[in-house]
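Participant: A structural model of the following input is requested.
(one chain, ligands or ions: 2)
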Amino acid sequence: MEEETLKKYLEAGRIAAEALEFGRGLVRPGVKILDVAEQVEAHIVKLGGVPAFPMNISFNDTAAHYTPSPGDETVFDDQVVKLDVGAHVDGFVGGDTALTVDLSGKYSDLVNASRDALDAALKVVQVGTTLGEIGREIEAAIISHGFNPVRNLSGHGIGEWDLHTGYSIPNYDTKDDTPLEDGMTIAIEPFASTGVGLIHDKGVPFIHSIIGRKPVRNIVTRQVMKRLDDYNGLPFATRWLTKDMPLFKVNFALKELNQLDILKSYSPLVERAAGAFVSQAEHSVYVGDKVIVMTRF
Ligand code: MN
Ligand code: MN
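Facilitator: Residues are numbered from 1 along each chain as shown. Ligands and ions are numbered 1, 2, ... in the order given. Got it, this is the predicted structure:
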């Protein structure tokens, strides 16, 4: 990888790490999740980066993909909270990083399970390690704590204007013998669950991304489309658009873009087992002669 490119990935990683830590410091009972998301995203910009996706703040049985809705009144209380933050510099997504805060005081072992799994995975990461080996480390660590890894969620490659490049870093032993290659940038993100370890889409999506191009006739939809060029295919939040456009216009446009199949909307990802709790830990890593955990704070 070019020196200049690596520098941008590392910078994005450092920014995401710092923003996540800043976010952790804001989480306490009574605080609105909307305020935390907005402050963390502003912090990324202040540090010289751009959010690579809307900050995810997911509670309890929701593993990921919740971001505050426009005007969201939800407050932190006694939840198991996943904070997931992403940053890019000039499109290079070097920072995708997450942690879990247990406000209930009852799930510290669940929090440790995903963190230990991430540490175990990082220990084996080097050029030549297979994706299956990483999954095996994650699975073993989570099971040793008495929980289940979430098998249908995985880590992923990260790239230029690309949050999910074409391969998955599994959270269990898939036997995938694809080796890590020199110059790869990846995000590893184990999820530990008290439930069955499977998630499904559930609830209203507030995160979206443009996945194609088609001519759009409606003037409102065109206005919104134009605004979406800024994100260049990276995910964005409904609430990002309602800053300068009324919600009914935004919703109208998103619906039309969905129907045209040029917008993908991401519903919250929720454990299939009722009443389950899920924890998450995530780091972004550069794989080369030297392995660099880009989001280590
Ligand atoms: Mn993430
Ligand atoms: Mn990720």
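
Participant: Which residue ranges of this protein form helices?
Facilitator: Assigned by DSSP state H, the chain shows helices spanning 3-26, 33-46, 108-124, 131-144, 219-228, 238-241, 247-259.

Participant: JSON lines for those, including mean pLDDT and mean neighbour count?
Facilitator: Bear in mind the C-beta positions are built from the backbone N, C-alpha and C, glycine included. Putting the helices of the chain into JSON lines (pLDDT from 0 to 100; neighbours: other Cβ atoms under 10 Å) gives the following:
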{"stretch": "helix 3-26", "mean pLDDT": "98", "mean neighbour count": "20"}
{"stretch": "helix 33-46", "mean pLDDT": "98", "mean neighbour count": "20"}
{"stretch": "helix 108-124", "mean pLDDT": "98", "mean neighbour count": "20"}
{"stretch": "helix 131-144", "mean pLDDT": "98", "mean neighbour count": "22"}
{"stretch": "helix 219-228", "mean pLDDT": "94", "mean neighbour count": "16"}
{"stretch": "helix 238-241", "mean pLDDT": "98", "mean neighbour count": "22"}
{"stretch": "helix 247-259", "mean pLDDT": "96", "mean neighbour count": "16"}
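
Participant: And these: which comes nearest V291?
Facilitator: Among the helices of the chain, helix 108-124 comes nearest to V291, with 7.9 Å by Cβ to Cβ.

Participant: Okay, the residue nearest to T100 when sequence neighbours are not counted and ligand 1: tell me how far apart.
Facilitator: Of all residues beyond its chain neighbours, the one nearest T100 is S279 (4.1 Å), with distances taken as Cβ to Cβ, 6 or more residues apart in numbering. Distance of S279 to ligand 1, given as Cβ to the ion, to the nearest Å: 13 Å.

Participant: Settle this for me: S279 is touching E189, isn't it.
Facilitator: No. Contact between S279 and E189 fails when scored by Cβ atoms under 8 Å: they sit 11.0 Å apart.

Participant: Thought L131 was touching T178, still the case?
Facilitator: Yes. T178 is in contact with L131 according to Cβ under 8 Å; the separation is 4.9 Å.
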